[in-house]
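**Q** Give me the fold of what follows.
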Amino acid sequence: RWDAVRLIGRGGFGEVHEVRTDTGVTCAAKTLRLPVQLGDELPSRSTELSRARETCADCGIPTSSGSCTSLGRSPPQSLCSWSCWTAEAWRGLSTTTPLDELTIREFSQQICRALLYLHSRQPPVIHRDINCSNIIVRADNTRIKLIDFGLSIKLEQSVSHISASTQSPKGTLNFMAPELLGAGESDSVQYSRESDIWAFGCSVFQMTSGARPFSKCSNPWAVPELLKKSGAPALPDGRSAELRDFYSRCTAKDRRRRRSAQELLGHEFLTGGKLKTRLLSSLFGAGN
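**A** Below you'll find the model as predicted:
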């Protein structure tokens, strides 16, 4: 049994509260919203809830407040469901202050390992809502976790880009890949490993700049046109060539040019190496 202490966040499916159990454990519980009235909303909401439960079950995510397990049998430590957010002190990564490159490197390594685990499963799991609001950081800045799998899906075929296609994109607009908004090489909504990598790149942008991509755009619905015209926004001045190249590998407008999580883990920015001269040209190709 547990009692709600305070509201932490609210999303499309429900709310997350800080709760305290009858044994004195403090954790976070995500509660799915049930239909509140009879009528047309009832079957559609019930269908959404059933789909959310199935997704959590398929990905190995617990849906009961009493469970506290991560994805799969041996996932990376940087992966968890909401119910794993226990007694340790964590905060959201939705920072408005730019982070130093060493911290960005450490956080990016952990996120890449989490993505590699998800994308390597059979069939692959696509998160579909990677952004800094869905990344939490331990108080001492030593560990991060990728959370909230409410929109995650499984690709039925490991090489398919269209098996997860839907009529309308889902996720956080500022972190959506061009192909999800009709600004890529296809007009259809196509979720893939590469769309997760783009969203991760946008998270790197926020860690680097302290702001979401296109945060200064007064009309958020103009983002697809901005993506089509210019691609991903440029990183602030003063960042290393390695970080700029790493970012460009995540946010290539043509998704076929984006690097996989495995390839990113070997990038010079994460390994501490230096870019070769012949690679420096890629610094000018983030929007290509």
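**Q** what's the span of stretch 174-182 from first residue to last?
**A** End-to-end distance of stretch 174-182: 14 Å, with C-alpha to C-alpha, to the nearest Å as the criterion.
**Q** pLDDT of that stretch, averaged?
**A** Confidence for stretch 174-182, expressed as mean pLDDT, is 86.
**Q** Now do the buried residues in it.
**A** Residues of stretch 174-182 classed as buried under the neighbour-count rule (16 or more other C-beta atoms under 10 Å) are 174, 175, 176, 177, 178, 179, 180, 181. C-beta here means a position set from N, CA and C on the backbone, and glycine is covered the same way.
**Q** Which elements pack onto the host helix or strand of residue 30?
**A** Element membership for residue 30 (DSSP states H and E) is strand 26-32. Judged by 3 or more C-beta pairs under 8 Å, 6 or more residues apart in numbering; DSSP states H and E, strand 26-32 is in contact with strand 2-10, strand 14-21, helix 41-59.
**Q** and which of the buried residues of stretch 174-182 is nearest residue 26?
**A** Of all these, the one with the least separation from residue 26 (C-beta to C-beta) is residue 175, at 29.5 Å.
**Q** Quick one: end-to-end distance for stretch 112-126.
**A** Counting by C-alpha to C-alpha, the length from the leading to the trailing residue of stretch 112-126 is 13 Å.
**Q** sorry, that was for stretch 89-107
**A** Between the start and the finish of stretch 89-107 there is a gap of 17 Å, counting by C-alpha to C-alpha.
**Q** Could you check the pLDDT of the spatially closest residue to residue 89 that is not a sequence neighbour?
**A** Ranked by C-beta to C-beta, 6 or more residues apart in numbering and with sequence neighbours excluded, the top spatial neighbour of residue 89 is residue 139, at 4.0 Å. Confidence at residue 139, expressed as pLDDT, is 81.
**Q** Number of residues surrounding residue 139?
**A** Other residues near residue 139 number 10, with proximity taken as other C-beta atoms under 10 Å.
**Q** pretty sure it is touching residue 90, no?
**A** Yes - using C-beta atoms under 8 Å, residue 139 and residue 90 qualify as a contacting pair, with a distance of 7.0 Å.
**Q** Mutual contacts of the two, please.
**A** Shared between the contact lists of residue 139 and residue 90 (criterion: C-beta atoms under 8 Å, 6 or more residues apart in numbering) there are no residues.
**Q** for residue 131, phi and psi?
**A** Phi and psi for residue 131, reported as degrees, to the nearest 10, are phi -160, psi 170.
**Q** Wait, it touches residue 173, no?
**A** No - applying C-beta under 8 Å as the test, residue 131 and residue 173 come out as separate, 9.8 Å apart.
**Q** Same drill for these two, tell me which one is more crowded.
**A** For residue 131 versus residue 173, the count of surrounding residues by other C-beta under 10 Å is larger for residue 131: 23 against 16.
**Q** Show me the shaky parts of the stretch 101-250 of the chain.
**A** Where the stretch 101-250 of the chain drops to pLDDT under 70, the residues are 156-170, 183-189.
**Q** I'd say residue 251 and residue 202 touch.
**A** Yes - proximity of residue 251 to residue 202 meets the contact threshold set by C-beta under 8 Å, at 7.1 Å.
**Q** which neighbours do these two share?
**A** Here residue 251 and residue 202 have residue 232 as joint contacts, going by C-beta under 8 Å, 6+ apart.
**Q** picking up where we left off before, want to throw the buried residues of stretch 174-182 into JSON lines with distance to residue 270 and secondary structure?
**A** As requested, the buried residues of stretch 174-182 are arranged in JSON lines below (distance: C-beta to C-beta, whole Å; DSSP: H, G, I helix; E, B strand; the rest coil):
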{"residue": "174", "distance to residue 270": "24", "secondary structure": "helix"}
{"residue": "175", "distance to residue 270": "20", "secondary structure": "helix"}
{"residue": "176", "distance to residue 270": "24", "secondary structure": "coil"}
{"residue": "177", "distance to residue 270": "21", "secondary structure": "coil"}
{"residue": "178", "distance to residue 270": "24", "secondary structure": "helix"}
{"residue": "179", "distance to residue 270": "25", "secondary structure": "helix"}
{"residue": "180", "distance to residue 270": "26", "secondary structure": "helix"}
{"residue": "181", "distance to residue 270": "28", "secondary structure": "helix"}
